[in-house]
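Q: Quick one, structure for this:
(one chain, ligands or ions: 1)
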Amino acid sequence: MDIERELEEKIQGGEALAQKLSEASEDAAEHLYLQWARSCTQEESKLQDRALDLDAECFADIRFDEPICDDNGMPLTSPIDGSPLDGFRFLIDPAMDDCGTCQAKLRTITLHPDHLDDATLVHEILHVYDEFLASNPVYRDFWVTRLYSRLRTRLEDIDGLCALNITQDVLSHDGGHSIFFMLKAYDLDLRLGLSPGTVFGYQDWAPYITDAAVEGQN
Ligand SMILES: [Zn+2]
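A: Below you'll find the predicted structure:
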């Protein structure tokens, strides 16, 4: 067998294995969810209800529930079927070090009991959307441009903020907060009436924010 053919077969074998692992991980996440649904506390169940409400209220744009048409009047179709939070467990863990974490592949959001607030919750929900759109880059790019236009009149130096996000992300966030993530976090502040930077959670960026908010959103 020539070397090219051998390499092609190895790559195809790797892809088949990745598919099997992905299916096994889906099954495991579903099993964990069913177990959680039987044994979760009342507080965790309330947290799930609040998360679903915030999802419907704050992320309808990203799911195209608010229809957007192209220049020919064709409505853009959503890559997201239903809510990406379906089948997610919501845990409350007093032993965790962070305010909250999102393990998208495990379909698990965990919050510290001192941080059951909306800002922390939507930050973690945003991680779910960010992870989902990472495998749909055309849609993520679309939302980066859309959110940029929506926010640029409200942020004093949006280009500086985007550049800062890259250095901060590389230095301390382990690649966990994309430009899409950052822009949507600022959009969420506006939707929830929070001061800019609250959902993103890095208040030392305040010099980039102007409080001269402009009426109206796109
Ligand atoms: Zn985060």
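Q: hey, which helix is longest across this structure?
A: The longest helix of the chain (DSSP state H) is helix 3-39.
Q: Just the CA atoms from the helix or strand just after it would do, formatted as CSV, please.
A: Next in sequence after helix 3-39, counting helices and strands by DSSP states H and E, comes helix 42-58. Extracted C-alpha coordinates of helix 42-58, given in CSV (Å, rounded to 0.1, in the frame of the first residue of the first chain):
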residue,chain,number,x,y,z
GLN,A,42,-35.2,22.4,45.0
GLU,A,43,-32.6,25.2,44.7
GLU,A,44,-31.0,23.5,41.7
SER,A,45,-34.4,23.0,40.1
LYS,A,46,-35.2,26.7,40.6
LEU,A,47,-31.8,27.5,39.0
GLN,A,48,-32.7,25.5,35.9
ASP,A,49,-36.1,27.3,35.7
ARG,A,50,-34.4,30.7,35.9
ALA,A,51,-31.8,29.7,33.3
LEU,A,52,-34.5,28.6,30.9
ASP,A,53,-36.3,32.0,31.4
LEU,A,54,-33.1,33.9,30.9
ASP,A,55,-32.3,31.9,27.8
ALA,A,56,-35.7,32.7,26.3
GLU,A,57,-35.4,36.4,27.2
CYS,A,58,-31.8,37.1,26.3
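Q: So which bits of the helix or strand bottoming out on mean pLDDT in the chain are buried?
A: The least trusted helix or strand in the chain, going by mean pLDDT, DSSP states H and E, turns out to be helix 158-172, with a mean of 73. Applying a neighbour-count criterion of 16 or more other C-beta atoms under 10 Å, one finds 158, 161-162, 164-165, 169 buried in helix 158-172. Quick note: C-beta positions are derived from backbone N, CA and C, even for glycine.
Q: Please render these as TSV that adds distance to Ser83 to the earlier fields.
A: Putting those into TSV (distance: C-beta to C-beta, whole Å) gives the following:
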residue	distance to Ser83
Ile158	29
Leu161	29
Cys162	28
Leu164	31
Asn165	26
Asp169	27
